[in-house]
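**Q** heads up, no residue letters with this:
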């Protein structure tokens, strides 16, 4: 039996995707998850999912964090992003980060179903309105950095964003309402995970990833 994981925090849209999945693959099994944490719990407990349908805007992730996490920790699982954000640069970035396709939430059920069938057949699905902005595949070094970024915890990602904004440890501690020692520990762990030796290098690596599109990999998608 074909098995799908629908990751979206809106119950009505989960139902809409479930209906599209049923249209594409009658009798298939579709499991809904309202958060990335729930999705990972299902993936760890129930192996054998054939495809994940992921909304970028989830309550427990920021920007591309959810996609990066799934691609890094469950590399055999194809992930299609289903999003209300149809910005060309976001679509390009989603594809550069390893998604198997991008489906606009505004799509009709029949289009959703055909897109799901297309991805399941091994093809990539992109909306007709998309103008290919990814001229070259990302190189191996960038792929490794994406994997390293995906290993950061949510709190480390917050610290990383503040580093990129130019905040000092004392300022980060104030914003997060934690001790400066805790911030220093986070910074050290970020440097270790990203295999860099300075805050400046952290900023440089994030800027390199931003160059894949116009959005930071850990910034919320535009409205």
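**A** Now that the structure is in, tell me what you want to look at. These figures come from a predicted structure and were not determined experimentally.

**Q** all contacts plus neighbour counts: C-alpha atoms, from now on.
**A** Fine.

**Q** give me the contacts around stretch 176-196.
**A** When contacts are defined by CA atoms under 8 Å, 6 or more residues apart in numbering, stretch 176-196 is touched by residues 145, 148-149, 151-152, 156, 159-160, 169-170, 172-173, 197-199, 202.

**Q** give me the subset of these that lies in helices.
**A** 145, 148-149, 156, 159-160, 169-170, 172-173, 199, 202 (DSSP state H).

**Q** identify the farthest-apart pair in these.
**A** The span of the ones in helices among the contacts of stretch 176-196, defined through CA to CA, is set by 145 and 170 at 27.2 Å.

**Q** those two - which one has more neighbours?
**A** residue 145 (18 against 14; other CA atoms under 10 Å).

**Q** give me the pLDDT value at that one.
**A** pLDDT recorded at residue 145 is 84.

**Q** likewise for residue 138?
**A** 63.

**Q** just give the nearest non-adjacent residue to residue 112, would you?
**A** residue 20 (6.0 Å; CA to CA, 6 or more residues apart in numbering).

**Q** residue contacts, that neighbour?
**A** Here residue 20 is in contact with 109-110, 112-113 (CA under 8 Å, 6+ apart).

**Q** could you export those residues as TSV, including distance to residue 39, neighbour count and secondary structure?
**A** Listed next are these as TSV, based on distance: CA to CA, whole Å; neighbours: other CA atoms under 10 Å; DSSP: H, G, I helix; E, B strand; the rest coil:
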residue	distance to residue 39	neighbour count	secondary structure
109	23	18	helix
110	25	14	helix
112	21	23	helix
113	21	20	helix
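
**Q** returning to what we had before: can you list the ones in helices among the contacts of stretch 176-196 in TSV and add distance to residue 183?
**A** Output for the ones in helices among the contacts of stretch 176-196, formatted as TSV (distance: CA to CA, whole Å):
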residue	distance to residue 183
145	22
148	19
149	18
156	9
159	8
160	10
169	6
170	8
172	7
173	6
199	13
202	15
